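A.B. asks: Sequence and predicted structure are below.
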Amino acid sequence: MAAQGSSGVKNIAKIVAKRVVSAFITLFLVSAVIFTISGLLPGDAAQELLGQSATQEQVEALREEMGLNRPALVRYGDWLTAIVKGDPGYSYVANMPVSQIISTRLPNTLLLAALATLVSVPLALLIGITAAIRRGTTVDRSLNILTLSLVAMPEFLIATLFVLAFSVKLLWLPSIALVSPEATWSETMRSIALPVLSLAVVVVAQMARMTRAAVADQLDRPYVEMARLKGVPFPRIVLQHVMPNAVGPVINAMALSLSYLMGGAIIVETIFNYPGLASLMVNAVTSRDMALLQSCAMIFCAAYLAMMLVADIVAILANPRLRA
Amino acid sequence: MSDAQVEVRNLQIDVATPGGGRKAIVSDISFEIPKGEVLALIGESGSGKTTIALSLMGHSRFGAHIAADVIRVGEHRIDTLDDRGLASLRGRRISYIAQSAAAAFNPSRTIMAQVIEPLLVHKLATRKEAETRAIELFRSLALPSPDTIGARYPHQVSGGQLQRLMAAMALITKPELVILDEPTTALDVTTQVEVLKTFKRAIAEVGATAVYVSHDLAVVAQVADRIVVLKDGRMCESGPAATVLEAPADDYTRSLLAAGNRTHDMPEAVAGAVKLEVRDILAGYGRIRDGRPAIPVLSDVGFTLERGAAIGVIGESGSGKSTLARVIAGILPAASGSIVLDGQELAPAMDNRSREDLRRIQFVFQNADTALNPAHTVGETLARPLAFYHGLKGADAEARVDELLDLIHLPREMASRRSAELSGGQKQRVNLARALAADPEVLICDEVTSALDTVVGEAILQLIDDLRRNLGIATVFISHDISTVHAFCDKLLVLYSGTAVELAARADFTGAAHHPYTRLLVDSVPQMDRGWLDRQVSEQATSLADLRLIPGLCRFAPRCPVAIAGTCDVLPPPYRTEGTLTVLCHHPIDALTKEDVIA
């Protein structure tokens, strides 16, 4: 048995290592795509810096100076090496290092995403599992209608409705999420409550539906009937028998939904004027701030890949055929 | 109130119909079981036997409603208990052993966690005590490495072991009633004997009363004290096992007994020109390197088959019999060896065979439910191969569909029915007709009756037998049931772990000489005779049981009761031929007759 155990660990280490390597390869390919696409945008930093009145010669000279005239492959090589070393470059538009710009925005985005996750995951699990174990009842149908309407509703509408209800009518919460370093913890919470709620509502619906499907599928398995016939109480059946088998698909669905919280929050950020990464990236596009744009894109893609990686690893660990 | 341990009076179970009404699936069921006796509920699929057994635990599937004057187990009135009361009895006083242990065990929890769960949820023992008791049970159920087997996951043990582990799970609380739902049906025949014996002994040790659900009279004859025969949710007959088996009062019971006691008088064996020749097949899965697949399944398998003749290929699960069928059909190309049809070698892979070659070899799949498109009508299903192979369309095709339906003894009106509306036996007939539509010269039947009830399956076998004789179709008959093969085939090929251990003609079936594995298979088939199981000696582990098998050595040696130390574990076995019989064994054929072999 000991030998079997260690071979299981070895086996799993191999599978996980494979997944990690493939995640890095994907990230590398993504970096090439990002670089290519940002190169396709009309205009460049030199043109943007000098403005409309600049002559062609001035632009050329600045390009030469900024190294924008070198072949794309060389620039890509330099950029990639710098990124790997942790230096995302210099923003000529804002006239400061990209790392500095991002460091003011990234914590905001992470805070928003983390709080939205904290609210949405338990809620989604609760709704999904309740609907699954009450299949075919009124409870299931009402939850189904609720989640379907939430999935169908665009998030700007949800956010606007929240503002109308909580800020305009009830005057409970501020409609603009001003985050300042001086604000106290409770002030920060109050100010980002609405963005968090709006985001959570969007992802809860998707996650709850996937959870319901995964749990319902397991509830039909013969081992569930067997557990009932052993006299196992139903809550214990759900937690100890069904969930270990449903966790793989559930985690995957959650990772897909949650990865949206990092990059897809742009509309919510705009509505609440929240200083996050997504709005930063949109600004970078309009101002042709390539270094900033590429860094933001890389962060979003890396976050997405990390989520997928975590989901895959959890699924592997949850499967005894792979684990042991 | 009677003094029986279990009492059921006037049980009725109904389900909601789509129309909003209710339909009885089981009615007028009454029986009693004295303490410590085994009652068998016997019947075909749809007879309500599992439904009745589960009602003793107050459990019903698909929202069925249980009503009865009395359902009593010991002092508990199951019919009046609420959910809490039922839950407190389940797994403690009444326990359940399911048909498929592979499905009934949770794949992601260890065996130990699941076996001791009844003790823990009913708070009968601490975890430590429970584990000790489980290990004792594992030992008494003759499970290998009882101290550590609990740490494994269900996929890490064999089917027979898992079934015994489920018995441990059921018996760990020393219940007063055990319900066994076809507990050996999914097992190989050689494994079934061991599991049956273990169950019988273990239940007797606990002193439990038992309900044994089965479709197999011969198995029931070994374990039951009383028998209730069911048909369409009603009782046909009930009484002591000896009476029901030896002097059945009901016609239906008699027909069940007749299907079990198959008579062996058959028409002459077919002999004629060789139609199909399969030579030295080496095949398996994974990438083929140097002519060897990564995971070899079949090695050195071959046979010849005459026009209109049938060869039975038998072996337990994993022996490679389905792989052989797939190799002949070209679904799985062989790594080496050849398939010769009418003297002409066929391409190994289906993709490289001409449409004409494909037409000549047809496959009948095991499961008609999945092989037939449920959205197509029978006519559409049959018209496809007619158009594909023969270019038949319109009225010609319809006429041929009618002929095919006549051939399989189904009314012509069936052509407009969807296959989902047919019964299991009818579906299998259509599945057969689909293959016949191509006018095949070779028909491969892969376990075509194993999903069917005995009586229905028997009719299908008879149909295939008539068709291959009348139409001259060479038939390869894959089966795990040696008695079927004996009754319907002209030749027999016995596979063990991918090697052909015996090739015999009909005349040799009843002969005295057989490969030791063939003998084990034959001896493992339960007989109606009630003392049969008790006479079976346990499979003897030989001195070679721990043998690490070197490729080329006899694969059966570790289980072989007559293995020769110093020979079987050193030298590859030779093929020995005498007349039409070939065996792969170190013993000369003369020595393989039953009396002469000296262990």
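C.D. replies: Now that the structure is in, tell me what you want to look at.

A.B. asks: For A:Leu62, which phi and psi angles does the backbone take?
C.D. replies: Backbone torsions of A:Leu62, given as degrees, to the nearest 10, read phi -70, psi -40.

A.B. asks: Check the burial of it by counting its neighbours.
C.D. replies: The number of residues packed around A:Leu62, counting by other C-beta atoms under 10 Å in any protein chain shown, is 18. To be clear about C-beta, it is placed using only N, CA and C from the backbone, and glycine gets the same treatment.

A.B. asks: try B:Ala249
C.D. replies: 13.

A.B. asks: and it, that's in a helix?
C.D. replies: No - using DSSP: H, G, I helix; E, B strand; the rest coil, the secondary structure at B:Ala249 is coil, not a helix.

A.B. asks: what residues are up against it?
C.D. replies: B:Glu237, B:Gly239 (C-beta atoms under 8 Å, 6 or more residues apart in numbering or on different chains).

A.B. asks: Also the one 10 residues further on?
C.D. replies: Shown here is B:Ala259, whose contacts under the criterion C-beta under 8 Å, 6+ apart are B:Thr454, B:Val455, B:Glu458.

A.B. asks: secondary structure element for the residue lying closest to A:Cys301 once chain neighbours are set aside?
C.D. replies: Counting by C-beta to C-beta, 6 or more residues apart in numbering or on different chains, A:Cys301 lies nearest to A:Val30, which is 4.6 Å off, once chain neighbours are set aside. In this structure, A:Val30 sits in helix A:2-40 according to DSSP states H and E.

A.B. asks: Report the buried residues of that helix.
C.D. replies: A:Gly8, A:Ile12, A:Ile15, A:Val16, A:Arg19, A:Ala23, A:Val30, A:Ser31, A:Ile34, A:Phe35, A:Ser38 (16 or more other C-beta atoms under 10 Å in any protein chain shown).

A.B. asks: Kindly report the same for stretch B:43-60.
C.D. replies: B:43-44, B:47-60.

A.B. asks: quick one: which of these sit in helices?
C.D. replies: Within these, membership in helices is found for B:Lys49, B:Thr50, B:Thr51, B:Ile52, B:Ala53, B:Leu54, B:Ser55, as judged by DSSP state H.

A.B. asks: if we can go back for a sec, of the buried residues of stretch B:43-60, which pair is most distant in space?
C.D. replies: B:Glu44 and B:Gly58 (25.3 Å; C-beta to C-beta).

A.B. asks: which among the buried residues of stretch B:43-60 are in contact with chain A?
C.D. replies: B:Leu54, B:Met57, B:His59 (C-beta under 8 Å from any C-beta of the partner chain).

A.B. asks: What residues does the last one make contact with?
C.D. replies: I take that to be B:His59. A:Glu225, A:Arg228, A:Leu229, B:Leu86, B:Arg90.

A.B. asks: cool, and the second one?
C.D. replies: Contact criterion C-beta under 8 Å, 6+ apart gives A:Leu229, B:Ile78, B:Leu86, B:Leu89, B:Arg90, B:Ile94, B:Tyr96, B:Ile179 as the residues in contact with B:Met57.

A.B. asks: Just the closest of those residues to B:Ala224, please.
C.D. replies: Relative to B:Ala224, and with distances defined as C-beta to C-beta, the nearest of the contacts of B:Met57 is B:Ile179, at 13.5 Å.

A.B. asks: The closest one in helix, strand or coil?
C.D. replies: strand.

A.B. asks: separation between the closest residue to chain A within the stretch 251-400 of chain B and B:Ser336?
C.D. replies: Nearest to chain A in the stretch 251-400 of chain B, going by C-beta to the nearest C-beta, is B:Ile295, at a distance of 17.0 Å. According to C-beta to C-beta, to the nearest Å, B:Ile295 and B:Ser336 sit 15 Å apart.

A.B. asks: Then B:Glu75?
C.D. replies: 68 Å.

A.B. asks: So which of the two has more stuff around it?
C.D. replies: For B:Glu75 versus B:Ser336, neighbours defined as other C-beta under 10 Å are more numerous around B:Ser336 (16 against 8).

A.B. asks: Please state the backbone phi and psi of the residue of the stretch 251-400 of chain B closest to chain A?
C.D. replies: Dihedral angles (degrees, to the nearest 10) for B:Ile295: phi -120, psi 90.

A.B. asks: For it, give me its contacts.
C.D. replies: By C-beta under 8 Å, 6+ apart, the neighbours of B:Ile295 are B:Gly284, B:Tyr285, B:Gly286.

A.B. asks: which one of those is nearest A:Arg212?
C.D. replies: B:Tyr285 (37.1 Å).

A.B. asks: What pLDDT does the model give that closest one?
C.D. replies: As predicted, B:Tyr285 sits at a pLDDT of 84.

A.B. asks: what's near enough to touch it?
C.D. replies: B:Tyr285 touches B:Pro293, B:Ala294, B:Ile295, B:Val297, B:Leu332, counting by C-beta under 8 Å, 6+ apart.

A.B. asks: Which pLDDT does the model give residue 33?
C.D. replies: The chain I'm using is chain A. For A:Val33, the predicted pLDDT is 91.

A.B. asks: actually chain B
C.D. replies: 92.

A.B. asks: Tell me, how many residues neighbour it?
C.D. replies: A count of nearby residues for B:Ile33, using other C-beta under 10 Å, gives 22.

A.B. asks: so it makes contact with B:Val228?
C.D. replies: No - using C-beta atoms under 8 Å, B:Ile33 makes no contact with B:Val228, being 9.9 Å away.

A.B. asks: between these two, what contacts are shared?
C.D. replies: B:Leu39.

A.B. asks: any low-confidence regions in chain B?
C.D. replies: B:1-2, B:260-271, B:537-550, B:594-599 (pLDDT under 70).

A.B. asks: Find the residue at the geometric middle of chain A.
C.D. replies: A:Ser259 (2.2 Å; C-alpha atoms, centre = their mean).

A.B. asks: Which elements pack onto the helix or strand hosting that one?
C.D. replies: Assigned by DSSP H and E, A:Ser259 belongs to helix A:243-263. Under the contact criterion of 3 or more C-beta pairs under 8 Å, 6 or more residues apart in numbering or on different chains; DSSP states H and E, helix A:243-263 touches helix A:98-133, helix A:185-219, helix A:277-286, helix A:290-318.

A.B. asks: and the longest one, how far out from the chain's middle?
C.D. replies: What that stands for is helix A:98-133. On the basis of C-alpha atoms, centre = their mean, to the nearest Å, helix A:98-133 is displaced by 8 Å from the centre of the chain it belongs to.

A.B. asks: I'd like to know how many residues surround residue 193.
C.D. replies: With no chain named, the answer covers chain A. 18.

A.B. asks: my question was about chain B
C.D. replies: 25.

A.B. asks: Quick check: it vs B:Leu521, distance?
C.D. replies: Between B:Val193 and B:Leu521 the distance is 11 Å, computed by C-beta to C-beta.
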